[in-house]
Structures are given as C-alpha cells and as structure tokens.
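1. give the three-dimensional model of this entry:
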Amino acid sequence: MSKISNTQYFRMNVDTEIRVKDILDQVYDAMVEKGYNPVNQIVGYIMSGDPTYITSHNNARSMIMKVERDELVEELLREYIKNKE
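-> Numbering: from 1, shown residues only. Take a look at the predicted model:
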C-alpha cells in the first residue's frame, strides 16, 4: 500500500497534444464555410482576445481557445518565414 505522503506522478500522452497549425487550418476552413474573411477575424481575435471574432461553426471557437494567442502568432510567423525562404 502506498503512503499518502508519497509524490504521485502522472504522464500525459503526447499523442493527445493538439498542433496549433491543425487548429488554425480547421478554424480557417470553418470561417470560409460561414462566409467570413478568416484573416480579418483571426487577427481580430488575436489582437483583442474576444472569442466572438471566431465562429462557433464546426467547434472552431472552442478549438482556437485551447491555445494561447501568442502561440497562434508564433505559428503564423513561423509559417511566414518558412514560406519566405
């Protein structure tokens, strides 16, 4: 029997980690399906933090809220630089 004072360790499955790029792709597609300008809407969300810039269609709003806004900016900049070279 374990003592209650012992430290317990938990491991998270790396497979469950959601990639920021995948979320941006899905959010972009949902915005296009609803007829919104995805660039303007995503920029509005990143600048303000207001989730209502993102449609709830196809669960896009809850997906984008799973990542920090700075992570979104990092991914966008990373892709820009990669395509620039």
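
2. which other helices and strands contact the least confident helix or strand in the chain by mean pLDDT?
-> Here the helix or strand of the chain ranked lowest by mean pLDDT, DSSP states H and E is helix 69-84, holding a mean of 92. Judged by 3 or more CB pairs under 8 Å, 6 or more residues apart in numbering; DSSP states H and E, helix 69-84 is in contact with helix 20-33, helix 38-48. For the C-beta atoms, the positions are set from N, CA and C on the backbone; glycine is no exception.

3. list of residues touching the shortest one?
-> Helix 38-48 is touched from outside by 24, 27-28, 31-32, 50-51, 53-55, 64, 69, 72-73, with contacts defined as CB atoms under 8 Å, 6 or more residues apart in numbering.

4. residues contacting Leu76?
-> Leu24.

5. distance-wise, check it relative to Asn59.
-> 21 Å (CB to CB, to the nearest Å).

6. now do Tyr36
-> From Tyr36 over to Asn59 (counting by CB to CB), the distance is 15 Å.

7. neighbour count for those two, which is higher?
-> Tyr36 (17 against 12; other CB atoms under 10 Å).

8. give the helix, strand or coil label for that one.
-> coil (DSSP: H, G, I helix; E, B strand; the rest coil).

9. so what's the residue count around the residue nearest to it when sequence neighbours are not counted?
-> The shortest distance from Tyr36 to any residue other than its chain neighbours is 6.4 Å, reached at Thr55 (CB to CB, 6 or more residues apart in numbering). As a burial measure, Thr55 scores 19 neighbours (other CB under 10 Å).

10. hmm, Thr55 is touching Asn37, no?
-> No. If you go by CB atoms under 8 Å, Thr55 and Asn37 don't touch, sitting 11.6 Å apart.
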